[in-house]
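Enquirer: following is a predicted model, sequence given first.
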Amino acid sequence: MAKRDTPPRWDRKMQQRLARGEAAALGELYDRFASLVHGLAHRVLGDETAADSITREVFVHVWEHPDAYDPRQGPLRSWVAALTHRLAVQRLRATETAALPAGEGGGTEAAEELERRVRRASVAARADYIVHSMPTPLRAALDLAYFQRRDYRGTAADLGVTEDEARRRLRLGLQLLSTAHDTTTPPGYGADA
């Protein structure tokens, strides 16, 4: 069993390849994480064009600064997600701040509303990341229970598992999702993304 502070081999190798300037490594990284990056950016910004722009910015940043990733802090996937979140939130704040009314009265309320929007977008992006990162059995159980409205017995029957196993999967999936409101740290990565 690998040590907790040892990053997955793929992550270390990818960082080394990027540091050497291997264009094929960037292509492989893009193939693996582009949908994650675009989905998170779109979740925060709510705009396809802005999400496309953030996706480009993330991969340019990774290409230009491969040493910014610290494998001891967590998986490369989490670092890329945290970077995406940070850039998307910066873009949201910049865009919305530019649209704030100048001058009197409404400035403070508008700034507070902006921060509420940023927080809601962050929670939604984090929940999306958690759902897409959780193991398939947990995701399948949650899908059956919450989107297809099956109880734990129906979920167990559809998945071909015991009722106890279905309850365990649902409980664990919900526990993971309950962390979505903790936006102080990006999912799975240290505070300094």
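Expert: Arrived safely, thanks for sending.
Enquirer: if I look at the residue positioned nearest the centre of the chain, how far off is residue 37?
Expert: Centroid-nearest residue in the chain: residue 129, 3.7 Å away (criterion: Cα atoms, centre = their mean). Remark: distance between residue 129 and residue 37 (Cβ to Cβ, to the nearest Å) = 11 Å. All C-beta spots, glycine's among them, are computed from the backbone N, C-alpha and C.
Enquirer: cool, and residue 153?
Expert: 38 Å.
Enquirer: do the same with residue 21
Expert: Distance from residue 21 to residue 37, by Cβ to Cβ: 21 Å.
Enquirer: which residues in the chain form helices?
Expert: 9-19, 23-45, 48-64, 76-99, 106-133, 136-142, 152-159, 163-178 (DSSP state H).
Enquirer: where among these is average confidence lowest?
Expert: Among the helices of the chain, helix 106-133 has the lowest mean pLDDT, at a mean of 76.
Enquirer: mind listing what's buried along that one?
Expert: Going by neighbour count (16 or more other Cβ atoms under 10 Å), the buried part of helix 106-133 is 114, 118, 121-122, 125-131, 133.
Enquirer: so which of these is the closest to residue 146?
Expert: Among these, residue 131 lies closest to residue 146 (Cβ to Cβ), at 10.5 Å.
Enquirer: my guess is the closest one contacts residue 141, does it?
Expert: No: counting by Cβ atoms under 8 Å, residue 131 stays clear of residue 141, with 11.7 Å between them.
Enquirer: between residue 21 and residue 37, which is the more surrounded one?
Expert: Per other Cβ atoms under 10 Å, whichever of residue 21 and residue 37 has more neighbours is residue 37, with 26 against 10.
Enquirer: thought the more buried one was touching residue 80?
Expert: Yes: contact criterion Cβ under 8 Å: residue 37 and residue 80 qualify, at 6.4 Å.
Enquirer: tell me, how many residues neighbour residue 145?
Expert: 20.
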